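1. Provided below for reference: sequence and predicted model.
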Amino acid sequence: MSVTVTILGSNSALPAHGRHPSAQLLAIGHHHILIDCGEGTQFRFNDLKLSKMKVENIFITHLHGDHIFGLPGFLTSMILMDRREPVTIIGPEGIQKMMEQIFTATEAHFGFEVRYVETDPSRHYTVFDHPKYTVETIPLHHKIPCNGYLFREKDHPRNIREDAIEKYRLSPLQIQELKAGKEADTPYGKVRPQDVLYVKRRAMTYAYCSDTTYFPSIIPIIRGVDLLYHEATYMEDFLVQATQRGHSTARQAGKIAREAGVRGLLIGHPSSKYQNVNDLVREARMEYEEAEFAHEGQTYLLS
């Protein structure tokens with residue numbers, strides 16, 4: 001089961017330079033998760049030939065328009081496409097009232113259940129538990145309540161080595177017991193699970209940190225993740241404005257990644273003043289050499 005992130009929108013508040021407001025599609029195996037839903041998100045699904053109907057859960061970081069204004073249209077399209085499976089929307093307090101007021105005013109009639117889970121952006125906790133993954137909130141520091149999300153794939157079942165089955169003449173019952181963590185007695189001696197079991201691929205972690213000032217408090221939460229997305233709205237010469245507006249610089253994003261010891265960094269959410277993002281990437285790489293820009297249409301494989 002692979003874990004991938006597809007960038008749908010990577011710009012800040014205004015759509016500009018061929019970039020769109022924030023949205024990403026996270027796929028954990030065949031489970032599809034939408035993260036933020038800026039204006040035009042459903043058009044990006046169409047452009048990239050992605051299925052809106054496969055989205056099971058939607059995570060919204062905060063209620064600024066460039067992160068949520070695409071959601072009413074996205075859900076309305078699901079109505080028109082005759083969706084029947086429920087959708088869960090996870091976001092800060094007020095998201096349910098906001099969406100219900102829109103759908104009341106537009107007289108939208110749903111043929112599927114919309115469930116809401118409202119987060120407390122001031123604290124770090126597990127907000128969602130799925131059979132294949134868990135999601136934790138990441139408290140961020142922005143102009144309005146805002147939290148990022150840490151997605152943790154659950155540990156994969158362990159497999160038994162083929163050579164061990166033959167070597168110890170293991171029966172199906174013994175294999176089952178070993179996978180359950182029990183030891184097995186064989187004519188060739190006692191066999192421990194750790195001696196014969198292995199995991200084909202370790203569980204992946206993805207941290208999504210949208211709008212925030214430089215906020216070192218998140219470092220213990222995201223330490224060692226396989227991939228971090230961190231906003232980088234400005235460069236260092238706009239540090240004062242970045243702080244005043246609740247945003248980070250590219251260098252600050254790189255510093256967070258370096259200090260957290262993450263395995264990979266994507267930066268995004270640049271101000272529309274930057275037509276070319278190469279300088280942002282160069283600045284982030286002053287702190288974290290492997291930094292990349294979250295280019296729209298690209299799919300990144302966690303490994």
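-> Cool, got the structure. Numbering: from 1, shown residues only.
2. Domain-wise, how is this protein divided?
-> 3-156+201-301, 159-197 (automatic domain parsing).
3. ranking those domains by burial, who's on top?
-> The highest mean neighbour count among the domains of the chain, using mean count of other C-beta atoms under 10 Å, belongs to domain 3-156+201-301: a mean of 19. From N, CA and C alone the C-beta is placed, and that goes for glycine too.
4. Distance from that domain to the middle of the chain?
-> How far domain 3-156+201-301 lies from its chain's middle: 6 Å, per C-alpha atoms, centre = their mean, to the nearest Å.
5. model confidence over that domain, on average?
-> Across domain 3-156+201-301, pLDDT averages out at 97.
6. Pull up the distance across it, start to finish.
-> 6 Å (C-alpha to C-alpha, to the nearest Å).
7. for stretch 5-19, same thing?
-> 17 Å.
8. before we move on, what about stretch 260-273?
-> Stretch 260-273: ends 29 Å apart by C-alpha to C-alpha.
9. And for stretch 75-92?
-> End-to-end distance (C-alpha to C-alpha), stretch 75-92: 18 Å.
10. So what touches that stretch?
-> 42, 52-53, 55-63, 68, 71, 95-96, 99, 103, 106, 108-119, 121, 127-128, 135, 145-147 (C-beta atoms under 8 Å, 6 or more residues apart in numbering).
11. same thing but 7 Å
-> With C-beta atoms under 7 Å, 6 or more residues apart in numbering as the contact definition, stretch 75-92 has outside contacts at 42, 52-53, 57-60, 62-63, 95, 108, 110-119, 121, 127-128, 145, 147.
12. just stretch 102-111 next, same as before
-> 72, 76, 79, 82-84.
13. could these be laid out in JSON lines, adding distance to G18 and secondary structure?
-> Output for the contacts of stretch 102-111, formatted as JSON lines (distance: C-beta to C-beta, whole Å; DSSP: H, G, I helix; E, B strand; the rest coil):
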{"residue": "P72", "distance to G18": "24", "secondary structure": "helix"}
{"residue": "T76", "distance to G18": "26", "secondary structure": "helix"}
{"residue": "I79", "distance to G18": "30", "secondary structure": "helix"}
{"residue": "D82", "distance to G18": "33", "secondary structure": "coil"}
{"residue": "R83", "distance to G18": "30", "secondary structure": "coil"}
{"residue": "R84", "distance to G18": "36", "secondary structure": "coil"}
